[in-house]
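Student: attaching a predicted model along with its sequence, questions to come.
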Amino acid sequence: MMSLSSWMLSPHPRAAAHELTDKHVVYQAHALGRDWTQMAREVGVDLSTHPRRKGPYPDTSLSFAGCWALSTAGNFSWWIAYTLWVYAEYRHRYGGEHASRDYCSWAIAAIIEAGRAPDVGAMTTPGGVSC
């Protein structure tokens, strides 16, 4: 069995977000914005429908986390919950919303509304996915 990636400190999304250090809460909030942008592009969501047009992040390849999240419905659900808890941690620790939060919410809804979210499969371990 492969060890869990460093971003997954716990199999529980709330605990994984809570256990991040302060600097990693900030980093993860930013990285989640980038990851959700990449995932939306990967599944064919038209990013020009967002008020910011192409989104706040440049075109880059899909991250391992994004690939893992898109691989099964369980992983996708876990990543959504983790995203929400990271932003809750950010709000709790810093008293405000991270700039990428609204964009992430839009990207998640766009992926689901486009019918591009995974709909079969069980959660896998992060090491069990090849991209």
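Tutor: That came through, no problem. Numbers count the residues shown, from 1 in each chain.
Student: nearest residue to Arg14 in space, please, no chain neighbours.
Tutor: Among residues not flanking Arg14 along the chain, Trp85 sits closest, at 4.8 Å (C-beta to C-beta, 6 or more residues apart in numbering). All C-beta spots, glycine's among them, are computed from the backbone N, C-alpha and C.
Student: against His12, how distant is the one you found?
Tutor: The spacing between Trp85 and His12, counted by C-beta to C-beta, to the nearest Å, is 9 Å.
Student: re the thing from before, for the helix or strand encompassing the residue nearest to Arg14, packing partners?
Tutor: Counting by DSSP states H and E, the element that carries Trp85 is helix 73-94. On a contact count with 3 or more C-beta pairs under 8 Å, 6 or more residues apart in numbering; DSSP states H and E, helix 73-94 meets helix 13-18, helix 22-42, helix 64-71, helix 101-113.
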